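> generate coordinates for the sequence data below:
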Amino acid sequence: MKRSGSADLPLHYGHVPPWLYERMSKLGLAVFEVLLSDYGKDEVIRRMSDPFWFQCFGAVMGMDWHSSGITTSVLGALKKVVNPNAKSLGIYIAGGKGKFSRETPAELLKICENTGLNGHELVRASKLSAKVDNTAVQDGYQLYTHNFILSNEGKWAVIQQGMNVKDKTARRYHWHSENLKSFVEEPHSGISGVNQGRILNLTSHFAEENRNGILEISHTNSEKILQDFARLILPAHHDVQASDVDLKRLGTLLHMTREVPPENFEELLLLKGVGPRTLQSLALVSEVIHGAPSRFQDPARFSFAHGGKDGHPFPVPLRIYDETIGILQKGIEKSKLGNSDKLKSVEKLHAVIAKAEENFTPDFNIDEVMEEERRNSWRYGGKTVFGDAVKPKPHNGIQLSLF
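Predicted coordinates:
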């Protein structure tokens, strides 16, 4: 069994407003459809099992880039739109937060009635993955959300999250069915996170007598943290800081989308009429879809697509968000009719910017970029959970504007 990674996240409270939740669902479905078209179902499952990619996915959706709320909000928005289209997509999502997590077995059995998969085997996988993270490894985090994502071919990923009420952090655990060997022999590829001191680890081979009486858990060396285990620990600060971002990649993106004349993109992109601010968002969405795994080490950078609901790094630009969704949806519709030019253009946007990074030296102030976005947020229907962005007052009679 491969536990593919974990993420330690600051615990955030609050809710996702309807105006953002609806857009998250639409963008999530569009990203899934492009991934399925270009890379297939196995790759969708693999991406969901990657804690870095998942955090970037949530950030590009307009969620707070580092908060624990990304887990439940992204999976809830996806479940809402994926399951009604599961027959055509070949992807299903079971489970959820709290009482919905306990409904996972029944949901899996129902899914298996339609797909012919082995429901009892999948239910067992769901229960064992939860038992390992919640009971066998007692690291101070108690699970409160559990989602099981699977394809109609039987590949699956588990995303579940635990809460530590003492230090107000959450830890997300990712599992992947790829290379499945046994639940009773080396179930973890590693357990990583902030050191909690001495813990009870029933996966240790020293706990064989206890383990045999509690759960079918394999033996593993609890002293060793394997180097290939994906580790994502995010800071407590809410704002986006320069240290959170790959400045070379962000700088190249801003330069190419803001300063290179749009007409230079037309032949390549077939995206006539798309302004620089929308190109900025599209480029980051394109990277989430087409980027290599090594590009997801700085989730904060992806918040420069659609901001964050709490205003970090800037308010969510609803008009840009809607335009991004519209471009993807139109591309998907045309692709189904045999014309994939628009989707290929979005894919090439990422390729062009990634290529430009090779010879780019960053020369910009990230704080100034965020301030520009905030000043101009009202132009794009900027919105946070606190209200609408307002037009800034003129400074010495001059209205500040950079776009």
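> separation between residue 57 and residue 47?
8 Å (Cβ to Cβ, to the nearest Å). Any C-beta I mention is one placed from the backbone N, CA and C, and that applies to glycine too.
> ok, now residue 275?
29 Å.
> residue boundaries of the strands in the stretch 51-200 of the chain?
Using DSSP state E, counting those that start in this stretch, the strands assigned to the stretch 51-200 of the chain run over residues 91-97, 137-138, 142-151, 156-164, 169-176, 200-201.
> weakest of the ones you listed by average pLDDT?
In terms of average pLDDT, strand 200-201 trails the rest of those, at a mean of 48.
> residue 334 is nearest to which of the strands of the stretch 51-200 of the chain?
The closest of the strands of the stretch 51-200 of the chain to residue 334 is strand 91-97. By Cβ to Cβ, the value is 21.9 Å.
> give me the distance from the closest one to the chain's centre.
How far strand 91-97 lies from its chain's middle: 15 Å, per Cα atoms, centre = their mean, to the nearest Å.
> before we move on, what about stretch 322-332?
The answer for stretch 322-332 is 19 Å, by Cα atoms, centre = their mean.
> residue 323 is in contact with residue 381, correct?
No - in this structure, residue 381 is not within contact of residue 323 by Cβ atoms under 8 Å, at 10.5 Å.
> where does the stretch 301-403 of the chain dip in pLDDT?
395-403 (pLDDT under 70).
> which residues in it form strands?
316-317, 382-384, 387-388.
> who does the longest one touch, helix- and strand-wise?
Read that as strand 382-384. In terms of contacts (3 or more Cβ pairs under 8 Å, 6 or more residues apart in numbering; DSSP states H and E), strand 382-384 is packed against strand 316-317.
> what's next to the strand it packs on, contact-wise?
Contacts to strand 316-317, defined as Cβ atoms under 8 Å, 6 or more residues apart in numbering, come from residues 20, 62, 277, 281, 306-309, 377, 380-384.
> let me know the pLDDT of the spatially closest residue to residue 347 that is not a sequence neighbour.
Nearest residue to residue 347, sequence neighbours excluded (Cβ to Cβ, 6 or more residues apart in numbering): residue 290, at 5.2 Å. Confidence at residue 290, expressed as pLDDT, is 96.
> and residue 114, how many neighbours does it have?
Here the count is done by other Cβ atoms under 10 Å, and residue 114 has 11 residues near it.
> ok, for it, nearest residue in space, not its chain neighbours?
Of all residues not flanking residue 114 in the chain, residue 87 sits nearest, at 7.6 Å (Cβ to Cβ, 6+ apart).
> report how many residues lie close to the one you found.
Residue 87 has 11 nearby residues by other Cβ under 10 Å.
> and the pLDDT at it?
So residue 87 comes in at 95 (pLDDT).
> how near is it to residue 367?
Using Cβ to Cβ, one gets 48 Å for the distance from residue 87 to residue 367.
> please apply the same query to residue 49.
35 Å.
> which one of these two is surrounded by more residues?
Between residue 49 and residue 367, counted using other Cβ under 10 Å, the more crowded position is residue 49 (25 against 13).
> re earlier: just put the strands of the stretch 51-200 of the chain in TSV and tack on mean neighbour count and distance to residue 331.
Conversion of those to TSV gives the following (neighbours: other Cβ atoms under 10 Å; distance: least, Cβ to Cβ, whole Å):
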stretch	mean neighbour count	distance to residue 331
strand 91-97	22	19
strand 137-138	20	43
strand 142-151	22	23
strand 156-164	24	26
strand 169-176	24	29
strand 200-201	16	48
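> can you list those in CSV and add distance to residue 27?
Output for these, formatted as CSV (distance: least, Cβ to Cβ, whole Å):
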stretch, distance to residue 27
strand 91-97, 16
strand 137-138, 34
strand 142-151, 17
strand 156-164, 18
strand 169-176, 21
strand 200-201, 39
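> residue 319 is nearest to which of those strands?
Short answer: strand 91-97, nearest of these by Cβ to Cβ, at 29.3 Å.
> which outside residues touch stretch 364-371?
Counting by Cβ under 8 Å, 6+ apart, 240, 241, 242, 245, 247, 250, 251, 254, 304, 313, 314 sit against stretch 364-371.
> show the buried residues in these.
Among the contacts of stretch 364-371, those scoring as buried are 240, 245, 247, 250, 251, 254, 304, 313, 314 (criterion: 16 or more other Cβ atoms under 10 Å).
> which helices and strands does the top helix by length along the chain pack with?
Assignment by DSSP state H gives helix 18-38 as the longest helix of the chain. Helix 18-38 is packed against helix 41-48, helix 51-60, helix 69-82, helix 86-89, helix 276-290, helix 318-336, helix 341-356, with contacts defined by 3+ Cβ pairs under 8 Å, 6+ apart.
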